[in-house]
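Trainee: just the structure for this:
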Amino acid sequence: MIKLGRYLIFLLALIAVLTTASCKRKQYIFTQGVVWTTEYHIKYEATANLNDSIQQLFKAIDESASAYNKNSLISAINDNKSDAVDAFFVKLYNKALEVNRASSGLYDPTVMPLVNAWGFGYKSGQLPTQAQLDSILMFVGIEHTSLNGKRIVKDDPRVQFDFSSIAKGMACDEVAAMLERNGVENYMVEIGGEVVARGVNQIGQSWHVSIDMPEPDGSDGAQHNSALVITLNGQAVATSGNYRKFKESGGKKLSHIVNPKTGSSETSRLLSVSIVAPDCMSADAWATACMALGEEKTKAMMQGNDTLGVMTISVNDDGDFVIWSNKRFADMVIE
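Mentor: Numbering: from 1, shown residues only. Next comes the predicted model:
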């Protein structure tokens, strides 16, 4: 009886171990929703649902970096109620400074007053005159700011930051880092079209990411026609365009891309730029920078770049789409 009892105890323990192992078997988990007025889609292979951690990250980034959240850290800095910064702000600032210098100042996170003046920010009104733009340009430029430890220094109190062009990219990177800390090796994180991916999908293939064609005039923004598809593994891709977010005045389209040098709303034949980079924050920043650089300067700068993959979509005199990419990007395209 004693031996039988021991055997039964051993058998029950073995069943418990096997049951626990079965419950912790890895599976692909999918979560989606809306954050910062845009959709997100996240798929990852894990033993547990990590949605609570994802939501906590979204909340923390919003409370830090959203200029549209009046209670955020960046809003306090913009309103000169505080000069204290956190780790998210430091990451955004340092990446913005890096791309600002590399793009000859055509990417700049201090464009918030110009964005507001054109009605694309958290303020709206009549379109600005050139005199008004000239007065704003006097205090636009990251060179008017500096980091001093955990403090941001502004040489003019009217300087305001807008990190919306790279905040989604940073959020993708932060979610990816959180997944990896939890042992996730295969994942795809997409927020508003910005994507970071690693490993393989549920059928064992590298992640495939579709790059949208610009939408025709009159589109409701709901359709997504693919220009091409790329493979993504251990990298990120971001796209910036002027065909979705714009306003019309006097028969002209005014883009939300504002040139920090001239204060003008950028209008050109360049409709979108997609960037592949080692991290999504870099891809996000460079996509916006290239939209401000324009088609020819982007091609000249990125033609031989072996770190950043670049694809542009522009329109020619006949109204046809023209797609260009450097070799780094072309090597990732699925034929």
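Trainee: which residues of the stretch 1-150 of the chain fall in helices?
Mentor: With DSSP state H, counting those that start in this stretch as the criterion, the stretch 1-150 of the chain has helices at 2-23, 51-65, 73-78, 87-102, 112-117, 130-137.
Trainee: worst average pLDDT in those?
Mentor: Lowest mean pLDDT of the helices of the stretch 1-150 of the chain: helix 2-23, a mean of 50.
Trainee: give the contact list for the spatially most central residue of the chain.
Mentor: The residue lying closest to the centre of the chain (CA atoms, centre = their mean) is residue 169, at 2.7 Å. Taking CB atoms under 8 Å, 6 or more residues apart in numbering as the criterion, residue 169 is in contact with 194, 236, 238, 279, 280, 281, 282, 283, 284, 285. Glycine gets a C-beta too; all of them are placed from N, C-alpha and C.
Trainee: let me see the contact set for the nearest residue to it once chain neighbours are set aside.
Mentor: Closest residue in space to residue 169, ignoring its immediate chain neighbours: residue 284 at 2.9 Å, by CB to CB, 6 or more residues apart in numbering. By CB under 8 Å, 6+ apart, the contact set of residue 284 is 165, 166, 168, 169, 170, 194, 238, 240, 275.
Trainee: top of the residues you listed by neighbour count?
Mentor: Using other CB atoms under 10 Å as the neighbour criterion, residue 169 leads these with 32 neighbours.
Trainee: which residues of the stretch 151-300 of the chain fall in strands?
Mentor: For the stretch 151-300 of the chain, applying DSSP state E, counting those that start in this stretch gives strands covering 151-154, 187-191, 194-198, 207-212, 226-232, 235-241, 246-249, 252-255, 270-277.
Trainee: packing partners for the fifth one?
Mentor: It stands for strand 226-232. With contacts defined as 3 or more CB pairs under 8 Å, 6 or more residues apart in numbering; DSSP states H and E, the packing partners of strand 226-232 are strand 194-198, strand 207-212, strand 309-315, strand 321-325.
Trainee: can you list those in CSV and add mean pLDDT and distance to residue 112?
Mentor: Listed next are the helices and strands packed on strand 226-232 as CSV, based on pLDDT from 0 to 100; distance: least, CB to CB, whole Å:
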stretch, mean pLDDT, distance to residue 112
strand 194-198, 98, 20
strand 207-212, 94, 27
strand 309-315, 95, 26
strand 321-325, 94, 31
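Trainee: that older thread, which one among the contacts of residue 169 gets closest to residue 227?
Mentor: Using CB to CB, residue 238 is the member of the contacts of residue 169 that lies nearest residue 227, at 14.8 Å.
Trainee: so what's the closest one bridging to?
Mentor: residue 275 (DSSP bridges).
Trainee: circling back to that earlier point, closest to residue 31 out of the strands of the stretch 151-300 of the chain?
Mentor: Of those, nearest to residue 31 by CB to CB is strand 187-191, at 10.1 Å.
Trainee: in stretch 34-52, what's buried?
Mentor: By 16 or more other CB atoms under 10 Å, the buried positions in stretch 34-52 come out as 35, 36, 40, 42, 43, 44, 45, 46, 50.
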